[in-house]
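*Asks:* Please find the sequence and the predicted model below.
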Amino acid sequence: MTETLDPAGLQQFPGTRAAGCPFDPPPSLHALQKEGPLARVRLWDGATPWLVTRYDEQRALLADPRVSSDATRPGYPIQGPFTGDVVSFILMDDPEHHRLRRMVQAPFTVRRVESMRPAVQQIVDDLIDDLLAGPKPVDLVEAFALPVPSLVICELLGVPYADHGFFQDNSKTIIKRDASPEDRAAAGGRLAEYLDRLVGEKLADPADDLLSKVAERVKTGELTREGAARMGVLLLIAGHETTANMIALGTLALLQNPGQLALLRDSDDPALVAGAVEELLRYLNITHSGRRRVALADIEIAGQVIREGEGIIMPNDIANRDPETFPDPDELDIRRDARRHVAFGFGVHQCLGQPLARMELQVAYSTLYKRIPGLRLATELERIPFKHDGQVYGVYELPVTW
Ligand code: HEM
C-alpha cells in the first residue's frame with residue numbers, strides 16, 4: 001500500500017523521514033511546497049487527488065463547507081482498502097457530525113480540563129516514582145508515554161484501565177497504515193464489541209463518566225447502541241494514541257536539542273511550558289498522513305480549480321513548516337509563538353480533545369525532565385524504531401536511562 005508522489009518520482013507518501021531528520025517532513029514534500037501551494041499526487045490505488053502544501057491554503061480549505069470528511073463519498077482519498085467502517089463523527093459532515101460531536105464535548109472544555117490537572121499531575125508523579133524505583137534502561141513509551149494518556153482517557157470515559165493491553169493492541173492495528181483490511185476490520189470489530197459491552201453496563205448501572213452520558217443518549221433514542229460504541233472507540237483511540245506519541249517523540253526531540261531541553265527543565269514559568277508544548281506540536285506534527293477531504297463543489301483556490309468529487313490531502317506537517325508562516329520553520333525554538341499551528345487540524349473537525357492533550361503534555365514535559373534531570377537515550381538515534389508505517393507518527397520504543 002505505497003502512496004507515491006507524482007510527478008516527483010516514486011517517493012512514498014506520506015513518506016518516510018528516515019532519509020533525513022526523523023522530525024522533518026520528507027524532503028519530497030518540501031520540494032513540492034517550494035513549487036507551489038497545490039500539486040497532484042498519485043495514491044496507492046491510482047487515484048490522483050490534490051496535495052495542499054502551504055499553510056494558508058490548507059486553513060482556507062479546512063474551513064470551507066464545500067469540502068467533505070465523508071470517507072464513503074467517491075473521490076475521498078483513502079489510505080488503504082476501505083473496510084466500510086466509519087469511526088464515528090470524525091469521518092462525517094455536518095449536521096450529523098455536529099449533532100454527535102456536541103454530545104461528548106462537555107468534558108473537553110478548558111475549564112473542565114483544568115479541573116483534572118491535579119489528578120493528571122498525580123498520575124505523572126506516580127509513574128515517575130515507579131520509573132525511578134525500577135530497573136534501567138527502560139522503555140519510556142511503555143513505562144510513561146502510553147500510560148499517562150491511557151489512564152486519563154480511561155478515567156474520563158469510564159473504561160477499566162486493566163484492559164489497556166487489549167485496547168492498545170487493537171488501536172495499534174487500526175492505525176497501522178499497512179495492516180490488511182481484514183486485520184483492521186477485525187481489530188475494529190473487537191474494539192466495537194468491547195465498547196458495546198461497556199455501553200450495556202453503563203445503561204444498566206450508570207456512573208459519573210462520559211460513556212454513561214453517551215449511554216443516556218441511547219436511552220433517549222438520540223443514538224443507536226452501535227453509534228454509541230463507535231463513538232467510544234473514536235474517543236478511546238484518539239484519546240491515547242496521539243498524546244502518547246507526542247510525549248515520546250517530544251522527549252526524543254528535546255534530548256536531541258539539549259539547549260531547548262535545558263530551557264524547559266530550568267523554568268518554572270507556565271507560559272514557557274505552554275509555549276514549548278505548542279512549538280513541539282508544530283515541529284513534530286504526528287498526524288502526518290494529512291487531513292483528507294473530498295470537494296463537494298468546484299472550488300477555486302491559488303489559481304487552480306479543485307473540481308467537485310476530487311480528493312484533497314492536507315499534510316499538516318508541511319503546513320507547520322511553511323516559511324511564510326513560521327520563520328526558520330525547521331528550527332525547534334520553544335520560545336517562538338507557535339500557537340497558529342495546525343497540528344490539531346482546523347475548521348469544524350478541529351481536535352475535540354485539544355485542551356486535554358495540551359494539559360497532559362504540559363504536565364508531562366514540565367515534570368519528567370525536572371524530576372529526572374540526567375535523562376538520556378540508552379541507545380543511538382539510528383537504532384530507534386520510528387512509526388513510518390503508522391497513521392500517527394512517533395516511536396515504537398524509546399530506551400532511556402539516567
Ligand atoms: C497531541 C495529541 C493530539 C493530536 C496531535 C490530535 C490531532 C487531531 C487532529 C489533527 C484532528 C483533526 C482530524 C480532521 O480534521 O480530520 C483531531 C480530531 C479529533 N481528536 Fe484529536 N489529537 C490529539 C489528542 C486528542 C485527545 C486527547 C482526544 C480525546 C478524546 C482527541 C479526540 C479527537 C476527536 C474526537 C477528533 C474528531 C473531531 C471531529 O471530527 O469533530 N484528540 N485530532
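*Replies:* Thanks, I have it.
*Asks:* Is there contact, residue-wise, from the strand or helix carrying Glu201 to the ligand?
*Replies:* Glu201 is part of helix 181-204, with elements assigned from DSSP states H and E. No. Counting by CB under 6 Å from any ligand atom, the ligand is not contacted by helix 181-204; separation bottoms out at 13.3 Å. Using the backbone N, CA and C atoms, a C-beta is placed for each residue, glycine as well.
*Asks:* Lys263 touches Asp333, doesn't it?
*Replies:* Quick fix: residue 263 reads Leu, not Lys. No. Counting by CB atoms under 8 Å, Leu263 stays clear of Asp333, with 9.6 Å between them.
*Asks:* In terms of neighbours, single out the busier of those two.
*Replies:* Between Leu263 and Asp333, counted using other CB atoms under 10 Å, the more crowded position is Asp333 (20 against 16).
*Asks:* pLDDT score for the more buried one?
*Replies:* pLDDT for Asp333: 98.
*Asks:* any chance you could map the helices in the stretch 151-300 of the chain?
*Replies:* With DSSP state H, counting those that start in this stretch as the criterion, the stretch 151-300 of the chain has helices at 164-174, 181-204, 210-219, 225-256, 258-265, 270-284.
*Asks:* Output those as CSV; include the columns mean pLDDT.
*Replies:* Below are these laid out as CSV (pLDDT from 0 to 100):
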stretch, mean pLDDT
helix 164-174, 87
helix 181-204, 91
helix 210-219, 96
helix 225-256, 94
helix 258-265, 97
helix 270-284, 97
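*Asks:* Out of those, which is the most enclosed?
*Replies:* helix 225-256 (a mean of 23; mean count of other CB atoms under 10 Å).
*Asks:* For the stretch 51-200 of the chain, what lies in contact range of the ligand?
*Replies:* With CB under 6 Å from any ligand atom as the criterion, the stretch 51-200 of the chain comes near the ligand at residues Ser69, Phe89, Ile90, Arg101.
*Asks:* need the contact list for the closest residue to the second one other than its chain neighbours.
*Replies:* Among residues not flanking Phe89 along the chain, Leu100 sits closest, at 4.1 Å (CB to CB, 6 or more residues apart in numbering). Residues near Leu100 by CB atoms under 8 Å, 6 or more residues apart in numbering: Ser88, Phe89, Met92, Leu223, Gly227, Met231.
*Asks:* Return the member of those residues nearest to Leu156.
*Replies:* Met231 (13.3 Å; CB to CB).
*Asks:* if I look at the nearest residue to the closest one once chain neighbours are set aside, how far off is Thr224?
*Replies:* Closest residue in space to Met231, ignoring its immediate chain neighbours: Ser88 at 4.7 Å, by CB to CB, 6+ apart. Separation of Ser88 from Thr224 (CB to CB, to the nearest Å): 12 Å.
*Asks:* again with Ala295
*Replies:* 30 Å.
*Asks:* Look at the two and report which has more neighbours.
*Replies:* Set side by side, Ala295 and Thr224 show more neighbours around Ala295, with 24 against 11, by other CB under 10 Å.
*Asks:* Specify the beta-bridge partners of that one.
*Replies:* On the basis of DSSP bridges, Ala295 is bridged to Val67.
*Asks:* can you map out the strands along the stretch 251-400 of the chain?
*Replies:* Assigned by DSSP state E, counting those that start in this stretch, the stretch 251-400 of the chain shows strands spanning 291-295, 299-301, 304-306, 311-314, 376-377, 399-401.
*Asks:* who wins for proximity to Glu96 among these?
*Replies:* Proximity to Glu96, assessed across those by CB to CB, is greatest for strand 291-295 (16.2 Å).
*Asks:* now check that closest one, is it near the ligand?
*Replies:* Yes. Residues of strand 291-295 contacting the ligand under CB under 6 Å from any ligand atom: Arg291.
*Asks:* avg pLDDT for that strand?
*Replies:* For strand 291-295, the mean per-residue pLDDT is 96.
*Asks:* Now Ala187: closest residue in space that isn't a chain neighbour?
*Replies:* Thr173 (3.8 Å).
*Asks:* Which residues are in contact with that neighbour?
*Replies:* Per CB under 8 Å, 6+ apart, neighbours of Thr173: Ala179, Asp183, Arg184, Ala186, Ala187.
*Asks:* again with Ile247
*Replies:* Ile247 touches Phe144, Ala145, Val148, Pro149, Glu360, Leu361, Ala364, Tyr365, counting by CB under 8 Å, 6+ apart.
*Asks:* Strands of the stretch 1-150 of the chain, residue ranges please.
*Replies:* Taking DSSP E, counting those that start in this stretch as the test, the strands found in the stretch 1-150 of the chain are 3-4, 12-13, 38-40, 50-52, 67-68, 138-139.
*Asks:* Can you say which of those strands is nearest to Leu195?
*Replies:* Across the strands of the stretch 1-150 of the chain, closest to Leu195 is strand 67-68 (CB to CB), at 26.0 Å.
*Asks:* pLDDT-wise, which helix or strand of this structure ranks last?
*Replies:* strand 12-13 (a mean of 49; mean pLDDT, DSSP states H and E).
*Asks:* Report how many residues lie close to Pro137.
*Replies:* Close neighbours of Pro137, defined as other CB under 10 Å, add up to 14.
*Asks:* Now it: closest residue in space, sequence neighbours ignored.
*Replies:* Leaving aside its chain neighbours, Pro137 sits nearest to Ala378 (3.4 Å; criterion: CB to CB, 6+ apart).
*Asks:* Point me to the residue of the stretch 1-150 of the chain nearest the ligand.
*Replies:* Relative to the ligand, the nearest point of the stretch 1-150 of the chain is Ile90 (3.9 Å; CB to the nearest ligand atom).
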